[in-house]
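Asker: structure for this input, please:
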Amino acid sequence: MMIMAPTWLLLGLLAPAALAQLPDFASKCRGYRASNVLRGDSYLIADLNLIANCSAYSPDLANLRLVVEYQTDTRLHVLIEDAEHQVYQVQEQVLPRPRSANASSERSALRFGFTEDPFTFNVTRASTGEVLFDTSDTPLVFESQFVWLRTSLPQNPNLYGLGEHTDDFRLPTDAYTRTLWNAESPFIPNRNNLYGSHPIYFDHRGDSGTHAVFLLNANGMDINIGRTDTGSQYLDYYTIGGVLDFYFLAGPQPADVSKQYAEVVGLPAMMPYWTLGFHQCKYGWPNVDHVEQVIANYSAAGIPLETVWGDIDYMEGRRDFTTDPSRFPMARMRALVDSLHANNQHYIQILDPGISNMANYGTYSRGIESAAFLRNPDGSWYRGLQWPGEVVWPDWFAPGTQDWWTNEIRSFYDPTTGIDVDGLWVDMNEASNMCGDTTCLSVAINPAEWQPRKPPARRQTQTEAISSRSIPNTRRSLFVQRQAEGSADKKGLPGRDLFQPAYPIANHRGALSGFTLWTNVTNADGTAQYDTHNLYGTMMATTTRNALLSRNPGKRPFVLTRSTFAGSGAKAAHWFGDNASTWEHYRTAIRQLLAFAALHAMPMVGSDVCGFNQVAQEHMCARWALLGAFQPFYRNHADISAPDQEFYRWPLVTEAAKKAIDVRYRLLDYMYTAMWRASEDGSPVASPLWFWYRGDANTFGLQTQWFLGQALLISPVVEDEAQSVSMYLPRDVFYDFWTGERVDGNGETRTVDGLGWTDIPVHIRGGSIVPLRVRSANNTAELRRQNFEILVAPGSDGTAKGELYLDDGESLDVTGRQSVISFAWDGKAFEAAGTFGFDTDVVVERVVVLGENGQTKQGPWGLREGFGFSS
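Answerer: Numbering: from 1, shown residues only. Predicted coordinates:
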């Protein structure tokens, strides 16, 4: 423990000009005093008591509780919560907390230090003493609707993450704000909150190591990165609720941090093999005849098509669990899906959360019977606008919602009577509400006449007493949420203004309730949308996944979701929303891939290839077809306002797509192995160059190249209409994937000219072994029958290693029926060893060793046991 006067207190004794470095409110806030400190080998607990009233934006909470846990040797948990456990905390059913291993503080890679009066804390790296997180310059502000904490940063830090955005992958560090409040975001605007909130950042410090800071808080927040007047760097958290629930992840290798974060929020779900194939969708396909023609055109063009998707066009009146009787009649839809399945292809449909409140609509009626919908404060069903018109919204916390949703899915998608889908797509689930503000479809009675129901009389808590004294009546809204008697702990403080908190986060859609669910709406468990808004999409995806598991218990479910929160990767895949057909959004797709796959524990991701909005151009679409082939989720999709853009509509794009899908399918088992490894330990499926060259400062800002797995370096052409690319090769050995030629990286950027519209530079990193199919196929089922070849790319020491994972591609539980094969080359001998539980007749036809002394050894070798040879 360190007891010393922090910088901010000393500033109070200086000239007022010095205080300009802090927000205006900080000058009157004195923070908290620690007392009753209790220490153990793996924990520390203390009380935190308010020193003096601050109430910058809402009433102070007088009494807090500090809990510090050394959970593992590389994970430190620091929780600052209200002593009475009323402030909202993310429900365990949404994000289960990781179990603590009660690690020894003496062996931990991280150290926790603090001052008692006033309370501040820091986290340091035990091996070097380097300070990783430090609040000593500022007071802690913890109010009913405003929590502020600042940490100092090194100069010009390398920071990455903080949720879904389209900004630079390495975050700006001067006057930069990341707002976390899930919002429908057409054209994915820069410097704005988008569809997903992931309050984690990676701090990369070169050879000294990488660490991450995860704030488990679902409330709306601004995270500011900036410099003080004197040039000192800082990061601020401004949240409008919740607690400070930090997980500090020690690394020190970047990929180690990815694994440690996945341990906290949940390991990514293992995807079915077929989902790695090529997918086609379009909002605006007019009828089932048109869909059949699209499928036929892909076949005629010789472009493999794995999965067809149905957007809201298939619905009657845009209502879930219906088909349009004239344009998409059920009998024709069943025939379409049967035909796809007969050709080893797949079909997926969209579902939106807004449920039409038509009296004769069965899904609505059954939802009413199950009490499955959100309610207004007066007890009526909350209404809004979505595609069907006026709708009600599922309450994913309500006890009957899972069964209702499962029954609707099992009935409509019954293989014998309905549409036998292979997966589901949940959209508009931020939730997106076409009501722009709180004047649209107000509560069932006149809001001016509504009076909140009074809870039974009870003794006020200390927090409530402070709140009632501190908030003037003029600031109280008719819609201020009242907490009912008997609510469970950690469900949210009473007496808050749930529409217009005094601190307004920088939501690009305006007020908190703008174009989404009203934030005063109550969930069935007593929480409010004010606190749970950012969880809505993840809960819809989770409920949908559970329904698919019920529908087909033995198979891995596939759910694609637009809205995400920390931990969504354990349940679903994600696409990057409604982008545009522009070169800029083509480049943006790379940055978004890096953020989700490397930092946010969500590897099954990708963009709408060729762009969703506007008009796709031939050259750009050809480039995007190639780029998309090296991202995990690969789907072409466009808006109803955009022209059709299926790959076969341009000769050049047809050529590019055939080449892209051919190489993707040959590499599909390499990608599948990476996905499996991610599901086992959180290893990144795609990553930036600095993950593997952490001391090379030239890599820290790179955002147009990436590693797919650990072996393949992808360096696409990124400039508009260009036929050359400037790519960086670190000091290492590489091999051109297309030619096998050795290329020695010298830590410099090199320009490659003469790249045709169907070319994309790909290199194998030296020291890697890459398994790939000898030839491609028209679909993944046929692909799985193709034999393998093994590419050995020796490193500078002449050795190489790799891995191949095999299973049936779809079973949820493959215990004892999977193969995990490790490959090794020591410069003279090759060996394949491991476990061989997957029964297959597929063989390795040849092993190719690249380089000057390269050689090819012809097989076949079976994959039911190990094998090897010497040169």
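
Asker: how much space between Arg366 and Arg327?
Answerer: 25 Å (C-beta to C-beta, to the nearest Å). For glycine as for every other residue, the C-beta is placed from the backbone atoms N, C-alpha and C.

Asker: oh, that last question was meant for Pro730, not what I typed.
Answerer: Taken as C-beta to C-beta, the span from Pro730 to Arg327 is 54 Å.

Asker: go on, Val288?
Answerer: 7 Å.

Asker: who has more neighbours, the two?
Answerer: Val288 (21 against 17; other C-beta atoms under 10 Å).

Asker: just say helix, strand or coil for the residue nearest to that one when sequence neighbours are not counted.
Answerer: Distance criterion C-beta to C-beta, 6 or more residues apart in numbering; nearest residue to Val288, sequence neighbours excluded, is Arg332 at 4.6 Å. With DSSP: H, G, I helix; E, B strand; the rest coil as the basis, Arg332 sits in helix.

Asker: quick check, Arg332 in contact with His290.
Answerer: No. Taking C-beta atoms under 8 Å as the definition, Arg332 is not a contact partner of His290, at 11.6 Å.

Asker: could I get stretch 252-271 in CSV with only the CA atoms?
Answerer: Below are the C-alpha coordinates for stretch 252-271, written out as CSV (Å, rounded to 0.1, in the frame of the first residue of the first chain):
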residue,chain,number,x,y,z
PRO,A,252,2.5,-9.9,-21.8
GLN,A,253,2.3,-11.3,-25.3
PRO,A,254,-0.5,-9.7,-27.3
ALA,A,255,-2.1,-13.1,-28.1
ASP,A,256,-1.9,-13.9,-24.4
VAL,A,257,-4.1,-10.9,-23.7
SER,A,258,-6.6,-12.2,-26.3
LYS,A,259,-6.8,-15.5,-24.5
GLN,A,260,-7.0,-13.9,-21.1
TYR,A,261,-9.9,-11.7,-22.2
ALA,A,262,-11.8,-14.7,-23.7
GLU,A,263,-11.5,-16.4,-20.3
VAL,A,264,-13.3,-13.5,-18.8
VAL,A,265,-16.2,-13.0,-21.3
GLY,A,266,-16.4,-16.6,-22.7
LEU,A,267,-14.6,-18.5,-25.3
PRO,A,268,-15.9,-18.1,-28.8
ALA,A,269,-18.5,-20.5,-30.0
MET,A,270,-17.3,-23.2,-32.4
MET,A,271,-19.0,-22.7,-35.8
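
Asker: quick check: buried residues in that stretch?
Answerer: Of the residues in stretch 252-271, 252, 254-271 count as buried by neighbour count, 16 or more other C-beta atoms under 10 Å.

Asker: low-confidence ranges, the stretch 101-250 of the chain, go.
Answerer: Residue ranges of the stretch 101-250 of the chain with pLDDT under 70: none are present.

Asker: so which residues of it form strands?
Answerer: All strands of the stretch 101-250 of the chain, identified by DSSP state E, counting those that start in this stretch, fall at 110-115, 120-125, 131-134, 141-142, 147-153, 158-161, 176-180, 196-197, 200-204, 210-215, 221-227, 233-239, 244-249.

Asker: one more: the stretch 751-871 of the chain?
Answerer: 762-765, 768-773, 788-793, 800-806, 819-825, 829-836, 843-849, 855-862, 867-870.

Asker: what helices or strands is the second one leaning on?
Answerer: Packing partners of strand 768-773 (3 or more C-beta pairs under 8 Å, 6 or more residues apart in numbering; DSSP states H and E): helix 651-666, helix 668-681, strand 788-793, strand 800-806, strand 819-825.

Asker: wait, which of those is closest to Asn122?
Answerer: Closest to Asn122 of the helices and strands packed on strand 768-773, according to C-beta to C-beta: helix 668-681, at 29.6 Å.
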